[in-house]
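**Q** Kindly return the folded structure for what I paste below:
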Amino acid sequence: MCTERCAKCLGSTLIPLAVSGFLAHLLLFFPGGKVIDNNDHLSDEVWYFGGILGSGVLMIFPALVFLGLENNDCCRCCGNESCGKRFAMFTSTIFAVVGVLGAGYSFIISAVSINKGPKCLMVNNSTWGYPFLDGDYLRDRDLWSQCEKPDNVIPWHLTLFSILLIIGAFQILICAIQVINGLLGTLCGDCQCCGCCRGDGPV
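**A** Reported below is the predicted structural model:
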């Protein structure tokens with residue numbers, strides 16, 4: 001039962017991470033903590049929904065599958081007591097791969113957005129755009145003055161996308177662990193049903 005317990009632990013960890021990623025991305029729609037009057041002034045990466053889809057919605061499905069593994073009945077697969085559990089663990093591996101892809105998407109979008117910097121009203125020409133190049137604002141805080149509006153947009157942008165980056169990294173790690181865990185459960189089996197599959201009742 002160790003592989004199912006491990007999966008359940010991983011699933012219970014994914015749920016708060018998914019919720020946190022979802023909420024962090026929602027906050028990106030309010031740069032600087034304020035409602036903006038034109039959605040075109042939001043950074044492009046906000047509309048890619050990395051935190052909402054990748055680290056949020058797509059992560060719920062693997063989490064639920066992982067949580068439900070320990071309750072799966074291993075005694076109802078062609079009369080073979082290990083077949084049911086093996087199939088469940090194999091299914092969890094597939095969902096874990098989906099989780100890796102979703103978290104990877106969020107991770108990449110976050111990394112790109114951090115390097116690119118936020119969209120803001122630029123001081124030099126009073127237009128909305130991206131005043132920073134190749135993450136130079138990360139090394140030189142004096143460059144932050146190139147953004148006039150929204151207020152505090154740079155720390156807001158940097159903090160939230162950094163949170164999504166970290167969440168994505170943890171989710172990739174958790175799902176990768178479940179890929180290995182699921183393959184072990186598939187190959188080795190993890191069912192202790194005793195006689196229930198043979199019709200002579202549990203011991």
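**Q** Identify the residues contacting the residue nearest the centre of the chain.
**A** With distances taken as Cα atoms, centre = their mean, the chain has residue 55 as the residue nearest its mean C-alpha position (2.6 Å). Each residue near residue 55 by Cβ atoms under 8 Å, 6 or more residues apart in numbering is listed here: 17-18, 21-22, 25, 102-103, 106, 164, 167-168, 171. Every residue, glycine included, has its C-beta placed from N, CA and C.
**Q** Tell me the one of the residues you listed nearest residue 154?
**A** Closest approach between the contacts of residue 55 and residue 154, by Cβ to Cβ: residue 164, at 16.0 Å.
**Q** and that closest one, what does it touch?
**A** Residues in contact with residue 164 (Cβ under 8 Å, 6+ apart) are 21, 24-25, 50-51, 55, 106-107, 109-110.
**Q** most neighbours, which of those?
**A** Ranked by neighbour count (other Cβ atoms under 10 Å), the contacts of residue 164 have residue 55 at the top, with 36 neighbours.
**Q** thought residue 54 was touching residue 100?
**A** No - assessed by Cβ atoms under 8 Å, residue 54 is found out of contact with residue 100, at 10.5 Å.
**Q** which of these two has more neighbours?
**A** Between residue 54 and residue 100, counting by other Cβ under 10 Å, residue 54 is the more crowded of the two (29 against 20).
**Q** Just the contacts of residue 55: which are in helices?
**A** 17-18, 21-22, 25, 102-103, 106, 164, 167-168, 171 (DSSP state H).
**Q** Mind putting the residues you listed into TSV with pLDDT and distance to residue 154?
**A** Below are these laid out as TSV (pLDDT from 0 to 100; distance: Cβ to Cβ, whole Å):
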residue	pLDDT	distance to residue 154
17	97	25
18	97	27
21	97	21
22	97	23
25	98	18
102	97	27
103	97	25
106	97	21
164	98	16
167	98	20
168	98	21
171	98	26
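**Q** List just the nearest of the residues you listed to residue 128.
**A** Nearest to residue 128 out of these is residue 25 (Cβ to Cβ; 20.9 Å).
**Q** ok, that closest one - contacts?
**A** Residue 25 sits next to 46, 49-52, 55-56, 160, 164 when contact means Cβ under 8 Å, 6+ apart.
**Q** The residues you listed in helices, which ones?
**A** 160, 164.
**Q** Kindly reformat the contacts of residue 25 as JSON lines containing distance to residue 147.
**A** Converted to JSON lines, these look like this (distance: Cβ to Cβ, whole Å):
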{"residue": "46", "distance to residue 147": "16"}
{"residue": "49", "distance to residue 147": "24"}
{"residue": "50", "distance to residue 147": "22"}
{"residue": "51", "distance to residue 147": "22"}
{"residue": "52", "distance to residue 147": "25"}
{"residue": "55", "distance to residue 147": "26"}
{"residue": "56", "distance to residue 147": "28"}
{"residue": "160", "distance to residue 147": "16"}
{"residue": "164", "distance to residue 147": "20"}
